[in-house]
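Asker: Just the structure for this:
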Amino acid sequence: QVQLVESGGGLVQAGGSLKLSCAASGKIFSINAMGWYRQAPGKQRELVATITSGGSTNYLDSVKGRFTISRDNAKNTVYLQMNSLKPEDTAVYYCNADSVLYYSGGTYNREYDYWGQGTQVTVSS
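Answerer: Prediction:
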């Protein structure tokens with residue numbers, strides 16, 4: 001039906017940059033909000049940034065000014081440009097798609113809360 005595939009994680013030194021990508025596949029008609037969450041060892045998953053289909057964005061306070069979320073609606077893809085990375089940004093980053101309208105089995109279906117498999121981001125000091 002619908003799958004989210006992330007890419008772009010890795011190991012970087014403090015102050016460096018990484019860009020994450022997440023592509024949603026399937027016979028998708030529309031996606032309302034897309035976003036990135038992260039989970040560090042021993043901590044709860046937290047929202048990093050979200051973006052609506054209209055381009056409205058929301059960020060975790062600690063990443064404002066350093067991270068930029070964007071999306072390509074035609075490609076059903078969301079990006080996260082991460083600059084000035086800090087060791088505390090180390091976590092598994094998960095892509096999320098909310099309110100996805102897709103075509104399957106001869107009908108349109110709407111489902112909520114799709115998640116990617118996660119991609120590791122490690123920032124060394």
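Asker: How about residues contacting the host helix or strand of residue 122?
Answerer: Using DSSP states H and E, residue 122 falls within strand 119-124. Contacting residues not belonging to strand 119-124 are listed as 6-14, 16, 18, 20, 38, 82, 85-93 [Cβ atoms under 8 Å, 6 or more residues apart in numbering]. Glycine gets a C-beta too; all of them are placed from N, C-alpha and C.
Asker: mind listing what that strand pairs with, with the direction of each?
Answerer: Paired neighbours of strand 119-124 in the sheet (DSSP bridges): strand 10-13 (parallel), strand 91-104 (antiparallel).
Asker: Quick one: residues contacting the spatially closest residue to residue 76 that is not a sequence neighbour.
Answerer: Using Cβ to Cβ, 6 or more residues apart in numbering and skipping the chain neighbours, the partner closest in space to residue 76 is residue 24 (4.1 Å). The contact partners of residue 24, taken as Cβ under 8 Å, 6+ apart, are 2, 3, 4, 31, 34, 76, 77, 97, 100, 114.
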